[in-house]
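S.K.: Got a sequence here, can you build the structure:
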Amino acid sequence: MRLEEIAKRLNCRLEGDGGIEIHRVLGIEAAGEGDMTFISNPKYVSAAKTTRASAIIVSENFAPLPIPTLRSENPYLTFAKAIELFYSPPQYPPGIHSMASIDPTARIGARAHVGPYVVVHEDVVIGNDAVLMGPATIYRGVRIGDHCFAHANVVIREYCVLGNNVILQNGAVVGGDGFGFAKQSDGSYYKMVQSGIVVIEDDVEIGSNSTIDRGTIGETRIKKGAKIDNLVQVGHASTVGENSLLCAQVGLAGSTVVGKDVVLAGQVGAAGHLTIGEGVVVTAQSGIPRDVPDGAVISGSPAFDNHQWLKATALFSKLPELQKSIRELARRLDALSEQMKDRLEKE
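M.R.: Below you'll find the predicted structure:
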C-alpha cells in the first residue's frame, strides 16, 4: 500500500515521499525496508535516527527525520489503526456446529457462530453476531449481548450477564464461586452458597485465565470499557470502574471498589473492603491496605505516595553506608562521653 494512501486513511500529515510502498507494520527495532514503524515512547527517540524502516509515525512536534514521516496527535493509537490496514483477523461464519450441545430452551441470536464442543445450557440468551469458540461452556440462565467473542475454554457461570462487544480470552472464568466459608465450632469450614452474579458491561475485555468471582449475595460488576489483563483475580462483590485497566496478576480481594480511569499495574494487590478512587495509578507490585483518594499515584507495600516512595527506595542502597556512619558517630560519642567523665572526675 502506498504511503500516501495510508496517510489518508489514518488522517495523518505526510512528510516526504508518499509514493513508497509499505508492506507491513513493525516495531522500531525490527522494522526494515518496506516496513512502517512508530515512536510514542521517549525511550526510543534515539532509535528513530537509525531505524531501517521506510516510514515512521511520530507526534506532531517530533523533530524532522530523514525518512518519510506520518505525523499524528496520538502516534500509538495511529499505529494501532495502521496494523488493521495490513492484518485481517479470522472471520467465523454464522451457524451452529453439529458437535455443539445447545439446550432447546436456549435462544441464539442472528448470525452467531457456535463452534464445536460448545455447551450452552438451558434458558441462555446469546445476542446477534456473537462468536463462541469451542470448547466454551455457558451455564444456565446466562445473558450475552451482541457482538461478543468467547475464545476456547471460556466458562460463564449461571445467571451471569454480559453486555455488548465483550471479549473473553482463552480460559477466562466469569462467575466462579467466591471464596466464602464460615468457620464452625469444630474448626472446620462451612461452604457458603454463592448466590450472587457477575455483570460485565459493554466493551469490556477479560484476559486469558482471569477470574471474576460471584459473591454470596449481590453482584460483582465490571463497568463499561474496563480492560482486564491475563491472570487477574477479581474477588466476590467487587466493582471495577469504567475504562479502568487491571494489568497482569492483579488481585482484588472481596468487596473492593475500583473507580473509573484507574490503572493497577502488574501484580498489584488490594486488601478488600476498600475503595480506590477515580484516576488512581498504582505502580507494579504494590499492596493496597486502605482506601485511596481520587487522583493519587502510589507505590510500595504498603503503598504510599509515589514521590515519597521514590525517595525512600533511593535510600535503600545507601542504608549499609548510613549504618556504618551511625555506628562511627556512636563510637565517637561514647569516646567523648568517657573523656568528659574523666575530666569531671579529675576536677
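S.K.: Just the terminal-to-terminal distance for stretch 65-76.
M.R.: 18 Å (CA to CA, to the nearest Å).
S.K.: and what of stretch 135-153?
M.R.: 5 Å.
S.K.: buried residues in it?
M.R.: For stretch 135-153, burial by neighbour count (16 or more other CB atoms under 10 Å) applies to 135-139, 141-151, 153. (Glycine included, C-beta is placed from N, CA and C.)
S.K.: how distant is that stretch from the center of its chain?
M.R.: 21 Å (CA atoms, centre = their mean, to the nearest Å).
S.K.: Which of the buried residues of stretch 135-153 fall in strands?
M.R.: Here DSSP state E is the test, and those give 137-138, 143-144, 149-150 as lying in strands.
S.K.: What is the nearest of these to L168?
M.R.: If you rank these by distance to L168 using CB to CB, A150 comes first, at 4.6 Å.
S.K.: That closest one against I156, yeah?
M.R.: Yes. Between A150 and I156 there is a contact under CB atoms under 8 Å: 7.2 Å.
S.K.: anything in contact with each of the two?
M.R.: Jointly contacting A150 and I156 under the rule CB atoms under 8 Å, 6 or more residues apart in numbering are 136, 138, 144, 168.
S.K.: Now do the contacts for the first one.
M.R.: The contact partners of A136, taken as CB under 8 Å, 6+ apart, are 115, 118-119, 150-156.
S.K.: 10 Å - rerun?
M.R.: Neighbouring residues of A136 by CB atoms under 10 Å, 6 or more residues apart in numbering: 100, 114-115, 117-120, 150-156, 168, 170, 172.
S.K.: What residues of stretch 324-340 count as buried?
M.R.: Buried residues in stretch 324-340 (16+ other CB under 10 Å): none.
S.K.: Please list the outside residues in contact with that stretch.
M.R.: Here stretch 324-340 has contacts from K318, using CB under 10 Å, 6+ apart.
S.K.: Grab the CA positions of it and hand them over as PDB.
M.R.: Coordinates of each C-alpha in stretch 324-340 appear next as PDB, following Å, rounded to 0.1, in the frame of the first residue of the first chain:
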ATOM      1  CA  LYS A 324      28.300   2.400  59.200                       C
ATOM      2  CA  SER A 325      28.300   6.200  59.700                       C
ATOM      3  CA  ILE A 326      25.800   6.000  62.600                       C
ATOM      4  CA  ARG A 327      28.000   3.400  64.300                       C
ATOM      5  CA  GLU A 328      31.000   5.600  63.800                       C
ATOM      6  CA  LEU A 329      29.200   8.600  65.300                       C
ATOM      7  CA  ALA A 330      28.000   6.400  68.200                       C
ATOM      8  CA  ARG A 331      31.600   5.300  68.800                       C
ATOM      9  CA  ARG A 332      32.800   8.900  68.800                       C
ATOM     10  CA  LEU A 333      30.100   9.900  71.200                       C
ATOM     11  CA  ASP A 334      31.000   7.100  73.500                       C
ATOM     12  CA  ALA A 335      34.600   8.200  73.400                       C
ATOM     13  CA  LEU A 336      33.700  11.800  74.000                       C
ATOM     14  CA  SER A 337      31.500  10.800  76.900                       C
ATOM     15  CA  GLU A 338      34.400   8.900  78.500                       C
ATOM     16  CA  GLN A 339      36.600  11.900  78.100                       C
ATOM     17  CA  MET A 340      34.100  14.200  79.700                       C
END
